[in-house]
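Q: With the input below, show me the fold.
(chains A and B)
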There are 2 protein chains.
Amino acid sequence: MALIVQKYGGSSVADAEKIKNVARRIVRTKEAGNQVVVVVSAMADTTDELVKLAYQVAEHPHTRELDVLLSTGEVVSSTLLAMALHSMGHPAISLSGAQAGIRTDAAFSKARITDIDPKRVAKEMEKGNIVIVAGFQGITEDMDITTLGRGGSDTTAVALAAGLKAKACERYTDVDGIYTSDPRLLPEARKLTEISYEEMLEMVTYGFKAIHPRAVELGELFSVPILVASSFNDNPGTLIHKEVSMEVRNKVRGIAHDPDVAKITVVGVPDQPGIAAAIFVPLAEAGISIDTIVQNASIENITDLTFTVAKSQLKGAMAVVEPISGSIGARECVSDSKLGKVSIIGTGMQYAPGYAARMFDTLKKENINIQLIATSEIRITCIIDEARIKDAVRALHRAFELETED
Amino acid sequence: MALIVQKYGGSSVADAEKIKNVARRIVRTKEAGNQVVVVVSAMADTTDELVKLAYQVAEHPHTRELDVLLSTGEVVSSTLLAMALHSMGHPAISLSGAQAGIRTDAAFSKARITDIDPKRVAKEMEKGNIVIVAGFQGITEDMDITTLGRGGSDTTAVALAAGLKAKACERYTDVDGIYTSDPRLLPEARKLTEISYEEMLEMVTYGFKAIHPRAVELGELFSVPILVASSFNDNPGTLIHKEVSMEVRNKVRGIAHDPDVAKITVVGVPDQPGIAAAIFVPLAEAGISIDTIVQNASIENITDLTFTVAKSQLKGAMAVVEPISGSIGARECVSDSKLGKVSIIGTGMQYAPGYAARMFDTLKKENINIQLIATSEIRITCIIDEARIKDAVRALHRAFELETED
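A: Numbers count the residues shown, from 1 in each chain, chains lettered A, B, ... in the order given. A predicted model of the protein is given here:
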């Protein structure tokens, strides 16, 4: 008998009918001979409504209290799902994150899981119960309730699967898998049957919103295969795992894109030790996340330093950088807020040459100017004009033959 | 520094503005030099909405899960109130019933408090926190969440006040005190400044909805004075306590009424041992609550047995009693569903004669027929035609001079 951890997102438990639908899916998994532990998110808009209430009573809601408040959303959906299962004749029990042994640090609203103690979960499984765990929450050493921040319920599910040594973690939402590119942008995008943890991480970091990177990292760390599929149909999903078919398949797995890029260039910087620190330490202190950093080769000890930030942070970043730019003797400080990025991603690229060349050539043929280039072992990213993103994605998808099966 | 436990009902925390209003009241109590522990109910309609959701997913919601579900309502309001206090500069912390040490039996949906372990509450008070406890809930030995059923938050508040040896328990709702009769029925009804536990118990049992009898019983048991007042104004409320001014004041304290009375008479019953048991044991097994029971004096070994039930239970009670009535040789079984009761209540009555006579005479002068009479040491109840309740209450209120001050 295999143990499966299933996770259902907010849209999958948005109302009573959808909760009953989820219960039927769980019953099917059980009747196929599996033990099932389920992690649920809060019903659709619940969390937003609770946050709204909090800001109505306090301008800056106290973080410890906010976490207790938000944790009720997942408790509600977990009890409703347990009731639905009971009424279908299948014993089930809901557990809060605390009861399920999800231990976290005390960083309210963005707590990290420090440990899983799934004793109670195991005990309830032994009694024959389907265990429904409220996602997105845990408990500190001091018995305070915490929430895990973005991607929290995915993280709960993968962590529980690791702690219980489950065969797999199945993650159900209204999206039925991982595509070679965003299907809303590119209708010919094709669903992948499998993808490696590393590739998935690069894809979510570079524009795919399908699953939170924390959950993927945790899956990789504990070798938990993660199936991404829809709760509204039985289409096969995408399996995120340590891939076995690496050698034989197409080396580019997906084209990621992200329209949220702004660029700042500090022009004519004297090339001295400590200049980068002089710029990036104050930016970090101001809470501004830097994405790509590129420093041009120095010509006669004068260099240009370019970096990108999210568009919403451009104004704040310029306010930090402009005074510094004067004090370190740079010529000027310019910005461009109408950019985006496209990335090609695939683990095979690191061992096969020519991918970068084919990418640049494809963009050139489309007359798309490349403003910045950044690479990792399994990804090549080009910063381009935001208005050309769709053209770039389509051309790259075709150039790397992503519309055809592996 | 005195310790005060305050309890705010659902209408007092119905929205963000009302929650802020409650926070300001708490701050005033604190700034007057008191330590404050607060118990809150769920925001106005929350509990009803959660119950509705439960019945949408399951015909008979599992009781353990239903209790966990309903307990979230009070957690939400307690965190919001703590946030509101924080934002006014007063450190506060919300605790669930479990965290506040409210231990109960495992009778889900109607659990009884078995023990209070207020260590955590005391610890948070020492730290200078205003402690906000989610009412209506507790936890079993097996760490399952329970709810306390009707009057649950009142019971939490009085139990905590007892456990913390608080000076008083102040209970705030949209009603500003205990009146000599229902002010909606009788505009001349007068608010009492004080009332004894016993009188209050008789009044709530015989038609006053102001506070749940469980809370009053607990208050009496642990000698916790309970102030009933409004959260929407500063009118003085009514103090429920061991009264000191018993000897000097008007002996009748209030006129209770209840229009929800149906009567069943089993006519011509052979007067033998075991007849009452033959009728009332099956009724209890069918879950029917019996109120007043009267057996007429037996004439030639034939007697009439009359009892009253809530109107909604009349049909069920007749279905149980009619077949039994045949088998025990009774002549017939008749019912009347258009009845109500009026009661006069006051601790002084037990030592002073003439109250019953004055009550019966008053009703006679109004031409109101008395169908049944039942008494306790401090109460006299008459069952009358439902249509005459208002006349009876008004006449009795005047006859016992309740419109004038003590």
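Q: Stretch A:276-295: which residues count as buried?
A: By 16 or more other C-beta atoms under 10 Å in any protein chain shown, the buried positions in stretch A:276-295 come out as A:279-280, A:283, A:288, A:290-292, A:294. Bear in mind the C-beta positions are built from the backbone N, C-alpha and C, glycine included.
Q: and if you look at stretch A:186-194?
A: Using 16+ other C-beta under 10 Å as the test for burial, stretch A:186-194 gives A:186, A:189-192, A:194.
Q: ditto for stretch A:122-133
A: Buried residues in stretch A:122-133, defined by neighbour count with 16+ other C-beta under 10 Å: A:122, A:124-125, A:129-133.
Q: contacts for that stretch?
A: Where contact means C-beta atoms under 8 Å, 6 or more residues apart in numbering or on different chains, the residues beyond stretch A:122-133 that reach it are A:3, A:26, A:30, A:35-40, A:78-79, A:81-82, A:85, A:90-97, A:100, A:102, A:121, A:156, A:160, A:164.
Q: And the buried ones among these, selectable in PyMOL?
A: Typed into PyMOL, the line below selects the buried ones among these, using 16+ other C-beta under 10 Å:
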select buried, chain A and resi 3+26+30+35+36+37+38+39+40+78+79+81+82+85+90+92+93+94+95+96+97+100+102+121+156+160+164
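Q: Just the ones of the contacts of stretch A:122-133 in helices?
A: A:26, A:30, A:78-79, A:81-82, A:85, A:121, A:156, A:160 (DSSP state H).
Q: which of those are close to chain B?
A: Applying C-beta under 8 Å from any C-beta of the partner chain, the subset of the ones in helices among the contacts of stretch A:122-133 adjacent to chain B comprises A:79, A:81-82.
Q: pLDDT added to these, as CSV?
A: Conversion of these to CSV gives the following (pLDDT from 0 to 100):
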residue, pLDDT
A:T79, 98
A:L81, 98
A:A82, 98
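Q: can you redo these as JSON lines with distance to A:T303?
A: As requested, those are arranged in JSON lines below (distance: C-beta to C-beta, whole Å):
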{"residue": "A:T79", "distance to A:T303": "60"}
{"residue": "A:L81", "distance to A:T303": "58"}
{"residue": "A:A82", "distance to A:T303": "61"}
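Q: Write out the residues of chain A neighbouring chain B.
A: Residues of chain A found near chain B, taking C-beta under 8 Å from any C-beta as the criterion, are A:15-16, A:19-20, A:23, A:50, A:53-54, A:56-62, A:64-66, A:68-69, A:72, A:75-76, A:79-84, A:86-87, A:92-94, A:96, A:99, A:143.
Q: any low-confidence regions in chain A?
A: Regions of chain A meeting the criterion pLDDT under 70 cover residues A:244-250, A:297, A:351, A:405-406.
Q: Let me see the domain layout of it.
A: Chain A breaks down into these structural domains: A:2-174, A:254-399 (assignment by automatic domain parsing).
Q: Can you check which of those domains gets nearest to B:V334?
A: Between B:V334 and the domains of chain A, the tightest spacing by C-beta to C-beta is seen for domain A:2-174, at 41.3 Å.
Q: Straight-line length of that closest one, end to end?
A: Chord length of domain A:2-174, first to last residue, is 25 Å (C-alpha to C-alpha, to the nearest Å).
Q: so how far is that domain off the chain centroid?
A: Here domain A:2-174 is found 18 Å from its chain centre; the criterion is C-alpha atoms, centre = their mean, to the nearest Å.
Q: before we move on, what about stretch A:219-235?
A: In terms of C-alpha atoms, centre = their mean, the centre of stretch A:219-235 is found 13 Å from the chain centre.
Q: hmm, back to that, tell me which two in the ones in helices among the contacts of stretch A:122-133 are the farthest apart.
A: Taking C-beta to C-beta as the measure, the ones in helices among the contacts of stretch A:122-133 span a maximum distance of 20.3 Å, between A:K30 and A:T156.
Q: With respect to B:K311, which of the ones in helices among the contacts of stretch A:122-133 is nearest?
A: Nearest to B:K311 among these, with distances taken as C-beta to C-beta, is A:T79, at 33.6 Å.
Q: circling back to that earlier point, okay, the domains of chain A, which one's buried deepest?
A: Of all those, domain A:2-174 has the most neighbours on average by mean count of other C-beta atoms under 10 Å in any protein chain shown, namely a mean of 22.
Q: How about the closest residue to chain B within the stretch 301-406 of chain A: what's its closest non-neighbour residue?
A: Checking the stretch 301-406 of chain A residue by residue against chain B with C-beta to the nearest C-beta singles out A:G316 as nearest, at 25.4 Å. Nearest residue to A:G316, sequence neighbours excluded (C-beta to C-beta, 6 or more residues apart in numbering or on different chains): A:I288, at 5.8 Å.
Q: Surely A:D336 touches A:F307?
A: No. The pair A:D336 and A:F307 does not pass the contact test of C-beta atoms under 8 Å, sitting 11.9 Å apart.
Q: Now do the helices in the stretch 251-400 of chain A.
A: A:275-285, A:314-327, A:355-365, A:389-399 (DSSP state H, counting those that start in this stretch).
Q: Now do the first one: distance to the chain's middle.
A: Averaged C-alpha coordinates place helix A:275-285 at 27 Å from its chain's average position (C-alpha atoms, centre = their mean).
Q: which residues are contacting it?
A: By C-beta under 8 Å, 6+ apart, the residues outside helix A:275-285 that reach it are A:266, A:269, A:290, A:293, A:295, A:305, A:307, A:317, A:320-321, A:324-325, A:328.
Q: What of the third one?
A: Among residues not part of helix A:355-365, those counted as contacts by C-beta under 8 Å, 6+ apart are A:251-252, A:344, A:346, A:349, A:370, A:375, A:380, A:382, A:384, A:392, A:395-396, A:399-400.
Q: next one: the longest one
A: Counting by C-beta under 8 Å, 6+ apart, helix A:314-327 makes contact with A:262, A:264, A:266, A:269, A:278-279, A:282-283, A:286, A:288, A:309, A:332-333, A:335, A:337, all of which sit outside it.
Q: farthest pair in the residues you listed?
A: For these, the farthest-apart pair by C-beta to C-beta is A:A278 and A:S337; their separation is 23.7 Å.
Q: now the helices for the stretch 51-200 of chain A?
A: Assigned helices in the stretch 51-200 of chain A, in chain order: A:63-87, A:119-126, A:152-163, A:197-205 (criterion: DSSP H, counting those that start in this stretch).
Q: which residues touch whatever residue of the stretch 101-250 of chain A ends up closest to chain B?
A: Scanning the stretch 101-250 of chain A for proximity to chain B using C-beta to the nearest C-beta identifies A:M143 as nearest, at 7.0 Å. Going by C-beta under 8 Å, 6+ apart, A:M143 touches A:98, B:99.
Q: can you name the farthest residue from the center of chain A?
A: A:E300 (42.6 Å; C-alpha atoms, centre = their mean).
Q: Reformat the domains of chain A as TSV; add distance to B:S109.
A: Compiled in TSV, these are given as follows (distance: least, C-beta to C-beta, whole Å):
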stretch	distance to B:S109
domain A:2-174	13
domain A:254-399	48
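Q: right, and those - which one's nearest B:S181?
A: The closest of these to B:S181 is domain A:2-174. By C-beta to C-beta, the value is 37.6 Å.
Q: ok now do the closest residue to A:V261 other than its chain neighbours, which residues does it touch?
A: Spatial nearest neighbour of A:V261, excluding adjacent residues (C-beta to C-beta, 6+ apart): A:L339 at 4.2 Å. Applying C-beta under 8 Å, 6+ apart to A:L339 gives the contacts A:261-263, A:308, A:371, A:383-386.
Q: same deal with A:L239?
A: Applying C-beta under 8 Å, 6+ apart to A:L239 gives the contacts A:193-195, A:225-228.
Q: When you filter these down to buried only, what's left?
A: A:194-195, A:225-228.
Q: Quickly name whichever of these is closest to A:E217.
A: Taking C-beta to C-beta as the measure, A:I226 is the one of the buried ones among the contacts of A:L239 closest to A:E217, at 11.1 Å.
Q: what's across from that closest one in the sheet?
A: A:I226 forms beta bridges with A:C169, A:I240, as assigned by DSSP bridges.
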